[in-house]
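Q: Everything below, folded, please.
(2 chains)
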Amino acid sequence: MSAPIAPFRERYRKALADGQLGRNLLNFQRAYSAARRAAFEHFQTGAALGVPDPSFAGQRARLTEAKRRAIQSRDEQFARFKAAAEAAGARVYESTSAEDAVRYIVDLCRRRRATLFAKGKSMVSEEIFLNHALEAAGVTAVETDLGEWIVQLARETPSHMVMPAIHKSRQQVGGLFEAHVGRPVSREDIAEMAGVARQELRQVFAEAQVGMTGANALIAETGTVMLVTNEGNGRLTSSLPPVHIVLAGWEKLVPTWEDAAAQVRLLARSGTAQDITVYTSFITGPDRPDRELHIVIVDNGRSEMAADPDFSEALRCIRCAACADVCPPYQVVGGHAFGFVYSGAIGLVNTAFHHGLDAAAGPQSLCFSCNACATVCPVSIPLPRLILDVRRRVADRAGMKLRTRLALGVWARPRLFSAVLGLARWLERPFVRGTALRVPLPKAFRWRTPQALAPRPARAALLGQDLPADGQGPLAQSGARGLRIAYFLQCITDRFVPEQAVAAVRVLRACGARVVVPEGQHCCGLPALDAGGRAVARAMARRTIETLEAVRADWVVTAAASCAIAIMHDYADLLREEPGWRERAGALAAKTLDLVSFLERVAKLPAGGLARPAEAERFTYHSFCQSTHVLAISGSAPRLLREVCGLEVRELPEGEVCCGFGGSASMDHPEVARAIVARKLDNVAQTEATVLVTDNPGCLLHLRGAADARGMKLRLAHVAEILAERLV
Amino acid sequence: MARPESSSSGGAGPGGAPAVPRRDLAAAFEEQAARVVAIVHRTPRDGAAAHAAQIFREAACRTVALADAVPERSVLAQALGEAGLSLVPARDLRPTRRADGGISWAKLGVAETGSTLLHSTSEDRRVELCVDVHLVLLAGGALVPTLDAAFAALRAIGARPPAYASLVSGPSRSADIERQLTIGVHGPRALHVLLLEDGS
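A: Have a look, this model is predicted:
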């Protein structure tokens, strides 16, 4: 079936050209994050009533387990559901394909001579392009959810799974309604607009011969359909027309009512930051003898997902869309580009299975791997890893871009890499001003001043060194005293900001540790992994493991948080099919830490150890995304700066939102990166800080370049530099 | 938080959770209902009919539909009639032929979410769907602390099909335009809960 959706490039360009879209979504994301936080805070008051573990983490563990069990026992749950629902008088149809589901529904409309079809919100109906088929069969399908109706009037598709028309402003909605009803409609008064929908759609509820809804859960033990809505349209479409069709993917099956309760506790809080939706309905069989209830079950790629140990995790999705609500690139381009039918992070994953790898290829390239989605997902789907897996499949099939292939080809060969950078350093020399490279750039890249290569890389001073502890000074009695540390330089630090490695090594030695910088170290493989080049990444990982193992250190530490996290969290997965290497990766991961974690957990620096009598500068802190979302240490560095250095660190609004670096993503999608970094720097400007401290060199260079290009007076510094400056 | 001198509601909660005294349960329900924009009125059981009539009068209603499942319908009907409200049969309601107000009977109230559990026939459901001001009568003794208790009741309802039951938590709402909260879309614009208290 050909999808009635424009090609990715067209959707992407349209989104970038839309001046309103980014503003609408920025307001939306800011409001959502605050409201979600408040909703989960309030949830805790349930403890007094006896709600078991009323916390996001507790309920998420419970729901994750319930959904995992349901997916594993799919056949059993389906059989139980079908038997119970049919005993209650419903008809359960297990469709064999998207086309088959469409055919069943169209045939049913024909048999009932239906001409008017009232639709409640159903993402599965979008997935199988039902409206087009109904239209072709002469059936008028009317969306009755306010957001879906707006999108239908605009002849668009939903840009968000929960709020389909969130990309539209009230002015745009007022205009659409006015054109539809043929009388003036306010462009400002949202209540009036809702009134128009209320008035117009009453006729549809009254006259439709068929009503259709989705399902939020299919409860196997009693054959019950659970349906969650706010507006009341779902209850009208499921109650009044003589035929009710429920359309759902089989992943909505849950074994028990307890499982459904667990879902209710997280769905609205995650989706709309409500404690519960207004109407949570439970339909078991048709409740009048003259009514028909048809439950149409859709597979459309779900079995293929279930058979894959990784992608089966994505089937737990309860369609709350929290992954879109916190996604920085989603905010810039919206769900039409950041997704296909399904949008947000989950859309980058399941599109590959419901609509094919080609449909997922463009959208998946927009992920900046910030991991914010993984933190808010109420069913613990490892979205960032699955998106990278889709990226690898796209790369395997279509091949990587020539530019990416060339870059990785050089990157993977240390001597060639050195030679190319040596040449680059020679070529750039006339344009270097301070640390900035003032060269003419293509228009799309002018928002970020490139950093010049350092005159002398860190390796020139440090590689192969075995440096004794610095026995004196305020930190010498730290918990790191007497330890032997292998220091990993990291390629960006090494070539662009060697002073960060020098500072980190100085701090570690001042903590009483011996620091060795193993010869032969190169890149950890992260750039290749991010680009979907897993084979190259594996080779680089093996080399890194060998090099770091050889020096027999107590700990491996680096000031490059991204690469520490790659070693700590990605290597084991990357090498999981290589026995021997998998275990070595695990052993290395167990003794690897980013600098900040090492200082907090191992060295345990003394309070006030590096405090100065007075500070002339104003500080704020941006936490590297994976430090925030993978390591959950966004509070650690500010704590170090406050407690050890005695600094006042100003709270950065939206401090946990990505800066827009995202490795190669900012090269592939400079327009998106530009918008994300503008959001970040606007927030920094609000703090009136003069120094922005961070913990990852890639982000630091990106932020420094963007601040320079907009003429912002802001010093960018790594945590290591701030600490080292304060060592006497 | 359990106080031995208070009358307790239904013993220990699920999983050995502490029983919540009924007085606290009503307060918790009221507080949570306010969060979902439901308006709770506490009233003695024998004053319920008059209180209901007053609510509809104050909301400028003229017609009211009464669900079949509501107990003591004749007392309510009389009070509504005396207040000048005309009764509309539930079966006559349509999305295009509505009553201003409607009265339903709740099986349960859930303190955790401020919801009422309505288990209704197809006809009674019209009272929930095709009115602007919806009033739910809830017996004080039917309050439960958590969704776990409500889902246990819902499971029992689902186990005797056919059945259509809903947790109703406030009036119909939408945030589909610019994430601005708008109350009253396709369902009722206002939800009142009359919490009936048994003397003491």
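
Q: In chain B, which residue is most central in space?
A: Geometric centre of chain B, nearest residue: B:V136, 2.9 Å, by CA atoms, centre = their mean.

Q: doesn't B:A106 make contact with that residue?
A: Yes. Using CB atoms under 8 Å, B:V136 makes contact with B:A106 at a distance of 5.0 Å. In this view, the C-beta of every residue, glycine as well, is placed from N, C-alpha and C.

Q: do the top helix by length along chain B and chain A meet at all?
A: For chain B, the longest helix by residue count, based on DSSP state H, is helix B:22-35. Yes. Part of helix B:22-35 sits near chain A under the criterion CB under 8 Å from any CB of the partner chain, namely B:L25, B:A28, B:Q32, B:R35.

Q: got those residues as TSV, with neighbour count columns?
A: Below are those laid out as TSV (neighbours: other CB atoms under 10 Å in any protein chain shown):
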residue	neighbour count
B:L25	23
B:A28	21
B:Q32	25
B:R35	16
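
Q: Export those residues to a markdown table and append columns for pLDDT.
A: Listed next are those as a markdown table, based on pLDDT from 0 to 100:
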| residue | pLDDT |
| --- | --- |
| B:L25 | 95 |
| B:A28 | 97 |
| B:Q32 | 98 |
| B:R35 | 97 |
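
Q: So for the closest residue to chain B within the stretch 451-600 of chain A, what's the pLDDT?
A: Closest to chain B within the stretch 451-600 of chain A is A:D530: 32.4 Å, counting by CB to the nearest CB. Predicted confidence (pLDDT) at A:D530: the value is 87.

Q: my guess is it meets A:S664, correct?
A: Yes. Here A:D530 reaches A:S664: they are 5.8 Å apart, a contact under CB under 8 Å.

Q: Output the below-cut-off pLDDT ranges for the chain.
A: I went with chain A, as the question did not name one. For chain A, the stretches with pLDDT under 70 are A:1-3.

Q: look at chain B instead
A: Chain B contains residues with pLDDT under 70 at B:1-18, B:199-200.

Q: any idea which element A:Y571 lies in?
A: Counting by DSSP states H and E, the element that carries A:Y571 is helix A:571-574.

Q: now for that helix, which elements pack on it?
A: When contacts are defined as 3 or more CB pairs under 8 Å, 6 or more residues apart in numbering or on different chains; DSSP states H and E, helix A:571-574 packs onto helix A:534-550, helix A:581-590.

Q: ok so, going back, for the longest helix of chain B, which outside residues touch it?
A: For helix B:22-35, the external contacting residues (CB atoms under 8 Å, 6 or more residues apart in numbering or on different chains) are A:42, A:48-49, A:275, B:1, B:6-9, B:20, B:39-40, B:42, B:109-114, B:140-141, B:143-145, B:169-170, B:193, B:195, B:197.

Q: Now do it: distance to the chain's middle.
A: Here helix B:22-35 shows a centroid-to-chain-centroid distance of 13 Å under the convention CA atoms, centre = their mean, to the nearest Å.

Q: Kindly report the same for stretch A:123-133.
A: Averaging C-alpha positions (CA atoms, centre = their mean) puts stretch A:123-133 26 Å from its chain's average.

Q: Repeat that for stretch A:96-103.
A: So, by CA atoms, centre = their mean, the centroid of stretch A:96-103 is 31 Å from its chain's centroid.

Q: Mind listing residues that contact that stretch?
A: With contacts defined as CB under 8 Å, 6+ apart, stretch A:96-103 is touched by A:1, A:93, A:95, A:127-130, A:133, A:247, A:296, A:298-300, A:354.

Q: For PyMOL, what selects the buried ones among these?
A: Here is the PyMOL command that selects the buried residues among these (16 or more other CB atoms under 10 Å in any protein chain shown):
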select buried, chain A and resi 93+95+127+128+129+130+133+247+296+298+299+300+354
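
Q: What segments of the stretch 251-400 of chain A are strands?
A: A:253-254, A:279-284, A:292-298 (DSSP state E, counting those that start in this stretch).

Q: which one of those lies closest to chain B?
A: Chain B lies closest to strand A:279-284 among the strands of the stretch 251-400 of chain A, at 4.1 Å (CB to the nearest CB).

Q: Which other helices and strands does the closest one contact?
A: strand A:224-229, helix A:233-239, helix B:147-158, strand B:163-168.

Q: which non-adjacent residue is nearest B:V127?
A: Spatial nearest neighbour of B:V127, chain neighbours left out: B:G102 (3.9 Å); criterion: CB to CB, 6 or more residues apart in numbering or on different chains.

Q: who's in contact with the one you found?
A: Counted by CB under 8 Å, 6+ apart, B:G102 has contacts B:64-67, B:90, B:93, B:127-128, B:130-131, B:133-135, B:188.

Q: In TSV: those, plus secondary structure, distance to A:A345 and neighbour count.
A: Output for the contacts of B:G102, formatted as TSV (DSSP: H, G, I helix; E, B strand; the rest coil; distance: CB to CB, whole Å; neighbours: other CB atoms under 10 Å in any protein chain shown):
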residue	secondary structure	distance to A:A345	neighbour count
B:V64	strand	48	26
B:A65	strand	46	26
B:L66	strand	49	24
B:A67	coil	44	22
B:A90	helix	46	26
B:L93	coil	43	22
B:V127	helix	42	29
B:E128	helix	37	27
B:C130	coil	40	28
B:V131	strand	41	27
B:V133	strand	42	22
B:H134	strand	38	26
B:L135	strand	43	28
B:P188	coil	36	27
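
Q: what would these look like in CSV with distance to A:A616?
A: Listed next are the contacts of B:G102 as CSV, based on distance: CB to CB, whole Å:
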residue, distance to A:A616
B:V64, 72
B:A65, 73
B:L66, 75
B:A67, 73
B:A90, 76
B:L93, 73
B:V127, 71
B:E128, 66
B:C130, 69
B:V131, 67
B:V133, 64
B:H134, 64
B:L135, 66
B:P188, 62
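
Q: circling back: among the residues of helix B:22-35 next to chain A, which one lies nearest to A:N683?
A: Lowest distance from A:N683 to the residues of helix B:22-35 next to chain A (CB to CB) belongs to B:R35, with 30.0 Å.

Q: I'd like to know how many residues surround residue 162.
A: Here I'm looking at chain A. A:V162 has 24 neighbouring residues, counting by other CB atoms under 10 Å in any protein chain shown.

Q: Hmm, no, I was thinking of chain B.
A: By other CB under 10 Å, 19 other residues sit near B:P162.

Q: Lovely, talk soon.
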